[in-house]
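> Take a look and give me a structure for this.
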Amino acid sequence: MIRVSQPLQFRPLLTYMLLTSMLIFSHNTQGHSDMIEPVKCELTTTSQIGQLQFTVRNTGTNSWQFLSWNTPFDAWFSKFMTLTRGEVTLEYQGALAKRGKPQSDDFIQLKPMQTLTVDLDLTQAYMLTSGKYQITISPILLETLPTNLPALSTIEQHPDKIQCNTHMLEIDYFKQ
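Coordinates of the predicted model:
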């Protein structure tokens, strides 16, 4: 018995492919998959032994917000960085805050063309001695602030991450 196959229907397949690609494109242009606006962070040393400066910079046109908890803007109430010396990870000795649900004032807004900077004294949370240290900041989750909603809201969004550079710090002489 010979079967005659049906001619391939291209229109439904083409429509499906077009709709799928439009959905993917729409998803990316809203900033949920790839960060479109350039937000960068930097960790640098200062002239003081054991002190660092953390900077986050928004060079884009959108406003962003992030929860200050577990970031350098948390004032040593959480472990937001990892310090290693050789193969050994230093133990965090700062405070650990126990918190409930974040409130509006727990979020930091980063407006277009704004730079935020905080100084960090590592001696407040780590026991340092002479030597070379590698410092890694935990990623920070950013949320786009829609222009039609009030700033610093706690709405559910699809966050983007920024990862700061790993920094090497050498301490030649250290007094306690």
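> Model confidence for L110, exactly?
Listed pLDDT for L110 reads 93.
> any idea how far the closest residue in space to K161 that isn't next to it in sequence lies from T117?
Nearest residue to K161, sequence neighbours excluded (CB to CB, 6 or more residues apart in numbering): P139, at 4.5 Å. C-beta here means a position set from N, CA and C on the backbone, and glycine is covered the same way. Separation of P139 from T117 (CB to CB, to the nearest Å) stands at 19 Å.
> Looking at these two, which is more packed in?
Each of P139 and T117 has its neighbours counted (other CB atoms under 10 Å); P139 has more, 16 against 13.
> Tell me where the chain has strands.
Under the criterion DSSP state E, the chain contains strands at 39-45, 51-58, 64-67, 81-85, 88-89, 107-110, 115-121, 131-137, 140-144, 160-162, 167-171.
> Neighbouring strands - and their directions - for the fifth one?
Based on DSSP bridges, the strands next to strand 88-89 in the sheet, each with its direction, are strand 81-85 (antiparallel).
> which residues touch the nearest residue to K132 once chain neighbours are set aside?
In this structure, K132 finds its nearest non-sequential neighbour in E170, 4.8 Å apart by CB to CB, 6+ apart. E170 makes contact with 131-133, according to CB atoms under 8 Å, 6 or more residues apart in numbering.
> ok, Q109 - how many residues close by?
14.
> so what's it closest to, chain neighbours aside?
The shortest distance from Q109 to any non-neighbouring residue, by CB to CB, 6+ apart, is to Q65 (5.0 Å).
> what is that neighbour paired to in the beta sheet?
Note on Q65: beta-bridge partners Q109, E143, judged by DSSP bridges.
> Tell me, what's the model's pLDDT at it?
pLDDT, Q65: 91.
> cool, S130 as well?
85.
> Start at 23, not 1
That works, and once the first residue is 23, the last one we named lands at S152.
> What's the local residue count around it?
10.
> With P60 instead?
Residues lying near P60 (other CB under 10 Å) number 11.
> Not counting its neighbours along the chain, what's nearest A147?
G116 (3.3 Å).
> didn't that neighbour look like it was pressed against F102?
No. With contact defined as CB atoms under 8 Å, G116 does not reach F102; the gap is 9.6 Å.
> Compare the two (neighbour count), which wins?
When neighbours are counted by other CB under 10 Å, F102 comes out ahead of the other of G116 and F102, with 22 against 16.
> where does this protein dip in pLDDT?
23-59, 168-181, 185-188, 193-198 (pLDDT under 70).
> swap the cut-off to 50 and go again
Flagging of the chain using pLDDT under 50 yields the residue ranges 25-27, 30, 32-58, 171, 173-177.
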